[in-house]
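>>> Next comes the sequence, and after it the predicted model I'd like to discuss.
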Amino acid sequence: MKKYEGVLLVLMALALGLAIWHGVRVPSGEPEVLDFTMLEKVPDDSGIAGKTMDNPMKNIKSTEKAMAKMENQQLNNVVQTILNRKSVRKYSDREVSEKDLILLARTAMAAPTARDSRPWYIFATNKKAEIEKLSEAYAQIGNAKALLIICGNRDKFLEGPGELYWMQDCAAATENALLAAESLGIGAVWLGICPNKQRMDGITKVLKLSDNLVPFSVISLGYPEGENQPKDKWDENAFKIL
């Protein structure tokens with residue numbers, strides 16, 4: 001209930017104002033209590049005599065139910081996006097805008113990281129010439145209409161046993177961007193780069209990366225061409241409640 005206290009207070013204040021407007025008064029001797037049932041009948045001089053008004057307490061309960069339903073719907077939308085995610089490799093000619101690329105990069109950077117290290121650097125492009133250059137490192141990149149290239153940043157790697165956590169962090173960032181693309185109606189597929197040395201070296205060469213940046217993944221992007229259906233990957237044999 002705490003999260004709805006603000007809403008309740010506003011509704012009660014509106015009810016009190018309505019009571020005063022129509023000449024309804026709180027019974028003397030009980031100034032601290034407003035009898036909401038007095039609002040159910042509109043006074044004759046209101047111009048709408050005889051009409052029954054909704055009890056404000058009923059409205060409050062209806063508002064609570066509506067807000068709870070909205071929260072559940074939002075949760076369901078998130079879950080549905082996750083379940084609908086699929087790999088899309090064929091795209092229409094529709095352009096993926098720079099605005100969308102920035103949004104996808106932002107969602108990627110919202111991923112969790114070990115000790116909040118955020119050990120990444122992200123490149124993005126929707127330029128055909130750049131995509132063709134990068135396809136020299138990995139031919140499948142050439143199908144894309146836009147790209148996100150997620151790299152690890154050695155300057156932000158943890159020291160000691162946690163050094164390799166950067167791979168998990170960049171994987172989480174990659175998945176975030178894939179889910180965001182799904183929610184925007186943009187097709188996407190995760191193209192593995194790390195730990196394939198040939199692909200890593202190829203991306204490094206094309207982008208002329210400094211020594212502190214390590215190519216981790218490429219996300220191929222484009223608006224889907226044709227129907228693409230998600231796979232139901234649930235496997236009860238790979239799950240156990242302890």
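Okay, I see it.
>>> Tell me where the model's unsure across this structure.
Low-confidence segments of the chain, defined by pLDDT under 70: 1-64, 66-75.
>>> cutoff 90 now
Where the chain drops to pLDDT under 90, the residues are 1-76, 226-228.
>>> Using the record's assignment, carve it into domains.
Domains of the chain are assigned by automatic domain parsing as 2-84, 98-222.
>>> Let's see stretch 209-227 as PDB, backbone CA atoms only.
What follows is stretch 209-227, C-alpha atoms only, in PDB (Å, rounded to 0.1, in the frame of the first residue of the first chain):
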ATOM      1  CA  LEU A 209      42.000  -1.000 -32.400                       C
ATOM      2  CA  SER A 210      44.400   0.100 -29.700                       C
ATOM      3  CA  ASP A 211      46.000  -2.600 -27.600                       C
ATOM      4  CA  ASN A 212      43.600  -2.000 -24.700                       C
ATOM      5  CA  LEU A 213      40.500  -3.000 -26.700                       C
ATOM      6  CA  VAL A 214      39.600  -6.700 -27.300                       C
ATOM      7  CA  PRO A 215      36.800  -7.600 -29.800                       C
ATOM      8  CA  PHE A 216      34.200  -9.700 -28.000                       C
ATOM      9  CA  SER A 217      31.000  -9.800 -30.100                       C
ATOM     10  CA  VAL A 218      29.300  -8.300 -33.100                       C
ATOM     11  CA  ILE A 219      25.500  -7.800 -33.300                       C
ATOM     12  CA  SER A 220      24.200  -7.800 -36.800                       C
ATOM     13  CA  LEU A 221      21.100  -5.600 -37.100                       C
ATOM     14  CA  GLY A 222      18.300  -4.900 -39.600                       C
ATOM     15  CA  TYR A 223      14.500  -4.900 -39.900                       C
ATOM     16  CA  PRO A 224      13.400  -8.500 -40.600                       C
ATOM     17  CA  GLU A 225      12.500  -9.700 -44.000                       C
ATOM     18  CA  GLY A 226       9.700 -12.200 -43.800                       C
ATOM     19  CA  GLU A 227       8.500 -14.200 -40.800                       C
END
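>>> For Trp166, which residues are in contact?
Ala114, Ser117, Pro119, Trp120, Gly152, Asn153, Lys156, Phe157, Leu158, Val214 (CB atoms under 8 Å, 6 or more residues apart in numbering). For every residue, glycine as well, the C-beta is placed using N, CA and C.
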